[in-house]
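1. build the 3D model from these lines:
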Amino acid sequence: MIFKNKIDLNGTTRTIAVNKTSSTANGATIDSVIRDSQSAGAGLIKTGPGRLILTGANTYTGGVTINGGILQAGNATALGTSAGALSFGGAGATLDLRISPLTVSALSSSGAGYGLITSGTSGARALTVNQSADTTYSGIIENGSGEFALTKTGTGTLTLSGANTYTGATAVNNGTLQVNGSLTSAVTISSGATLAGTGTITGNVGVPSGATLQPGSPDGTLTITGDATVGGTLAITLDGNGNAVDVSGELDITGGSLEVTGTTSSAIRVIATYGTLTGDFGSNLTLPSGWVVNYTYEGNKIALTGPSGTIFRFR
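-> Predicted coordinates for the structure are as follows:
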């Protein structure tokens with residue numbers, strides 16, 4: 001079924017149910033413009049197990065929620081002109097991105113494991129999440145037939161808690177990307193931005209001057225199965241179980257700084273494990289008086305060591 005007449009949301013978010021599930025036929029295609037004449041922030045909700053194809057240069061601004069089936073985006077503004085939010089509200093809910101780039105104002109899931117972002121055609125796909133709010137996406141971003149790259153902009157925190165398998169680059173340009181699931185992607189962080197989390201990154205991580213690597217959520221270990229270059233700040237909290245970064249390859253901290261906050265009663269706290277270590281923090285340390293950094297603790301760990309049995313508050 002193909003709709004060619006213009007569709008007006010008229011100020012109200014509308015639900016489109018597509019129940020056709022044939023693998024050889026499209027459920028429904030809208031190749032006309034979807035607009036909101038009231039400019040009231042109206043959006044779309046996709047339900048049903050079928051495929052909905054949006055090919056028009058749509059002008060609504062309220063974003064899209066996919067509760068079931070597949071939404072296929074065939075236009076850079078298929079999800080609206082003002083980079084509306086993209087959310088997933090059900091198991092099997094899928095975005096099939098057939099164009100690039102695409103920008104959304106937020107990415108989220110309303111339940112564990114909800115959401116799949118993929119592409120059914122070959123070629124590079126670039127997804128930018130430009131959000132000021134804090135959200136969690138528990139679904140998966142995969143290459144599909146293409147190759148995905150993810151860019152995080154905006155001041156908010158985007159938490160990825162799913163097992164993502166895309167292999168294009170991940171760039172954290174603003175705000176915080178918190179990886180509590182897994183990535184199979186190299187990650188670069190811009191000055192002023194933060195990489196955090198307790199998950200696993202299969203790829204190299206670059207933290208230049210002005211950027212922050214903050215393992216934990218807030219405590220716990222961030223695992224990097226690659227190399228990590230930290231010319232910016234390694235931010236450590238000692239509250240709870242503390243946090244640490246585990247780098248299987250080379251950890252290069254030349255020119256970097258260490259900032260420690262929180263409380264511990266332990267005389268030794270491991271903050272990093274590495275395959276090989278290059279450089280040190282020099283005098284770029286925020287530590288309490290009397291505490292020191294041991295760069296070769298147990299051979300391949302960086303640890304904080306200090307007086308035994310004393311509780312310190314790091315500020």
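
2. packing partners for the host helix or strand of P215?
-> Using DSSP states H and E, P215 sits within strand 212-215. For strand 212-215, the elements it packs on are strand 194-197, strand 220-224, strand 233-237, strand 243-252, judged by 3 or more CB pairs under 8 Å, 6 or more residues apart in numbering; DSSP states H and E. C-betas here are computed from N, CA, C, even on glycine.

3. for these, which one ends up most surrounded?
-> Comparing those by mean neighbour count (mean count of other CB atoms under 10 Å), strand 194-197 ranks first with a mean of 25.

4. please enumerate residues in contact with the helix or strand that that one is followed by?
-> Using DSSP H and E, the helix or strand that follows strand 194-197 in sequence is strand 200-201. By CB atoms under 8 Å, 6 or more residues apart in numbering, the residues outside strand 200-201 that reach it are 179, 182-183, 185, 187, 222-226.

5. can you name the element that comes right after the strand or helix carrying L158?
-> Using DSSP H and E, L158 sits in strand 157-160. The helix or strand immediately downstream of strand 157-160 is strand 170-172, counting by DSSP H and E.

6. ok now that following strand, how far from the chain's centre?
-> The chain centroid and the centroid of strand 170-172 are separated by 8 Å, computed with CA atoms, centre = their mean, to the nearest Å.

7. any idea which helix or strand comes after that strand?
-> Criterion used, DSSP H and E; the element after strand 170-172 is strand 176-179.

8. partners of that following strand in the sheet?
-> strand 157-160 (parallel), strand 194-197 (parallel) (DSSP bridges).

9. chain center to that strand, what's the gap?
-> 5 Å.

10. now it - C-alpha only, CSV.
-> The C-alpha atoms that make up strand 176-179 are tabulated as CSV, following Å, rounded to 0.1, in the frame of the first residue of the first chain:
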residue,chain,number,x,y,z
THR,A,176,28.8,12.0,27.9
LEU,A,177,28.7,8.6,26.3
GLN,A,178,28.3,5.9,28.9
VAL,A,179,29.0,2.4,27.7
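
11. other SSEs contacting the helix or strand just after it?
-> The helix or strand immediately downstream of strand 176-179 is strand 182-183, counting by DSSP H and E. The helices and strands touching strand 182-183, judged by 3+ CB pairs under 8 Å, 6+ apart, are strand 200-201.

12. roughly how far apart are S182 and L102?
-> 23 Å (CB to CB, to the nearest Å).

13. what's the answer for R125, then?
-> For R125, the distance to L102 - CB to CB - is 8 Å.

14. quick one: which of those two has more around it?
-> For R125 and L102, the more surrounded residue by other CB atoms under 10 Å is R125, and the numbers stand at 26 against 22.

15. dump the residue contacts of the more buried one.
-> Counted by CB under 8 Å, 6+ apart, R125 has contacts 97, 100-102, 119, 146-149, 168.

16. drop anything exposed from those.
-> Buried subset of these (neighbour count, 16 or more other CB atoms under 10 Å): 97, 100, 102, 119, 146-149, 168.

17. which residues does I189 bridge with?
-> Here I189, judged by DSSP bridges, has bridge partners V172.

18. where along the protein do the helices fall?
-> Per DSSP state H, the chain carries no helices over any range.

19. what about it, any weak spots by pLDDT?
-> Along the chain, segments meeting pLDDT under 70 span 1-5, 21-26, 82, 307-315.

20. rewinding a little: take the helices and strands packed on strand 212-215 and lay them out in JSON lines including distance to Q131.
-> Shown next, in JSON lines, are the helices and strands packed on strand 212-215 (distance: least, CB to CB, whole Å):
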{"stretch": "strand 194-197", "distance to Q131": "14"}
{"stretch": "strand 220-224", "distance to Q131": "21"}
{"stretch": "strand 233-237", "distance to Q131": "22"}
{"stretch": "strand 243-252", "distance to Q131": "24"}
